[in-house]
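Trainee: Predicted structure and sequence below. I'll ask about it afterward.
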Amino acid sequence: MRTGRPPIFETAEQMQKAIDSYFEGCDKEKTPVTVSGLAYALNMTTETLRIYGEKEEFSATVKRAKQRVEIALEKHLLTSKSAVGAIFNLKNNFGWKDKQAQEISGPDGGPIQTEAPTRPKLTKEEWLEAHGLGPTAKPIEHQS
């Protein structure tokens, strides 16, 4: 027995009609398309939209809708003086990343050489003597 909220869309075709309506409304009103706006128009949260996108039946429908939002944001990147908002959206909703490559190498591009410091090997007697504990060590005088 299934519990929880019934599905918002029974078929991908139903969902596609609602998606088309969202994009047509944005075009008519000349408002930007967004993933959260799409989810809202579909009467769901962005998380629910992601979950629908993981379902086999709805996967292609959701991916295509999100791709349309991504295209709009890419166009904004190319035409806007400030692209901060579009970059934020692309990173958070579409997996875009800033990548920086750093290469570290040794002399002449070779491997980095590391050496562990070597300590002198001391006998027990030498160690005690070096720490003032050997037979020639002066006794500690106690003050009263």
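Mentor: Looks like it came in fine.

Trainee: For Gly106, see how far away Thr118 is.
Mentor: Counting by Cβ to Cβ, to the nearest Å, the separation of Thr118 from Gly106 is 20 Å. From N, CA and C alone the C-beta is placed, and that goes for glycine too.

Trainee: more crowded one of these two?
Mentor: It is Gly106, of Thr118 and Gly106, that has more neighbours when counted by other Cβ atoms under 10 Å, with 10 against 6.

Trainee: Quick check: which element contains Ala39?
Mentor: Ala39 is part of helix 35-41, with elements assigned from DSSP states H and E.

Trainee: Show residues contacting that helix.
Mentor: For helix 35-41, contacts defined as Cβ atoms under 8 Å, 6 or more residues apart in numbering pick out 18-19, 21-22, 25-26, 31, 45-46, 48-49, 65-66, 69, 89, 93.

Trainee: Please apply the same query to stretch 45-63.
Mentor: When contacts are defined by Cβ under 8 Å, 6+ apart, stretch 45-63 is touched by residues 8-9, 11-12, 15-16, 19, 35-36, 38-39, 42, 44, 66.

Trainee: sorry, back to before: for the record, mean pLDDT for the following helix or strand past the helix holding Ala39?
Mentor: As assigned by DSSP H and E, the chain's next helix or strand after helix 35-41 is helix 46-54. When pLDDT is averaged over helix 46-54, the result is 95.

Trainee: And helix 46-54, how far out from the chain middle?
Mentor: On the basis of Cα atoms, centre = their mean, to the nearest Å, helix 46-54 sits 18 Å off its chain's mean C-alpha point.

Trainee: What of stretch 118-125?
Mentor: 50 Å.

Trainee: Please apply the same query to stretch 52-60.
Mentor: For stretch 52-60, the distance to the chain centre is 22 Å (Cα atoms, centre = their mean).

Trainee: hang on, the earlier thing: give me the subset of the contacts of helix 35-41 lying in helices.
Mentor: Mapping the contacts of helix 35-41 onto helices (DSSP state H) picks out 18-19, 21-22, 25-26, 46, 48-49, 65-66, 69, 89, 93.
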